[in-house]
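Student: how would this look folded up:
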Amino acid sequence: MTTAPRPYLDPHQSRTREPTPYEYKLAATLEEVFTKDGHELADVIRGLNGRQVNAPDGTPWTEESFRAEMHRLGA
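Tutor: Sure, this is the predicted structure:
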């Protein structure tokens, strides 16, 4: 019996550079927030601010600043 070849998937194929320390910290904190606090945007904002992981400008997150930063990081 022959099996079909599995498609190649590189989980970092869209990455053009290594993440910065800020990006690593944000990702790890988001994973913790999703696990412990919830998945709704308000939960995420509350979780990040409660852990004192601030927006790039050093201020607490707002829904608007979080959306803008996710858009920037995803570009």
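Student: which one is residue 48 nearest to, not counting chain neighbours?
Tutor: Distance criterion C-beta to C-beta, 6 or more residues apart in numbering; nearest residue to residue 48, sequence neighbours excluded, is residue 61 at 5.0 Å. To be clear about C-beta, it is placed using only N, CA and C from the backbone, and glycine gets the same treatment.
Student: what residues are up against the one you found?
Tutor: 45, 48-49, 54-55 (C-beta atoms under 8 Å, 6 or more residues apart in numbering).
Student: ok, and the most crowded of those residues?
Tutor: The most neighbours of any of the contacts of residue 61, using other C-beta atoms under 10 Å, belong to residue 48, which has 21 neighbours.
Student: gap between it and residue 18?
Tutor: 22 Å (C-beta to C-beta, to the nearest Å).
Student: in CSV, list the contacts of residue 61 along with secondary structure and pLDDT.
Tutor: Below are the contacts of residue 61 laid out as CSV (DSSP: H, G, I helix; E, B strand; the rest coil; pLDDT from 0 to 100):
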residue, secondary structure, pLDDT
45, helix, 98
48, helix, 98
49, helix, 98
54, coil, 97
55, coil, 96
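Student: would you list the residues you listed in JSON lines and tack on distance to residue 72?
Tutor: Formatted as JSON lines, the contacts of residue 61 follow (distance: C-beta to C-beta, whole Å):
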{"residue": "45", "distance to residue 72": "17"}
{"residue": "48", "distance to residue 72": "16"}
{"residue": "49", "distance to residue 72": "19"}
{"residue": "54", "distance to residue 72": "15"}
{"residue": "55", "distance to residue 72": "11"}
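Student: with respect to residue 67, which of these is nearest?
Tutor: For those, the closest approach to residue 67 (C-beta to C-beta) belongs to residue 45, at 10.2 Å.
Student: wait, the closest one touches residue 66, no?
Tutor: Yes - assessed by C-beta atoms under 8 Å, residue 45 is found in contact with residue 66 at 6.0 Å.
Student: so the spatially most central residue of the chain: helix, strand or coil?
Tutor: Using C-alpha atoms, centre = their mean, the residue of the chain that lies closest to the mean C-alpha position is residue 27, 4.3 Å off. In three-state terms, and counting by DSSP: H, G, I helix; E, B strand; the rest coil, residue 27 is helix.
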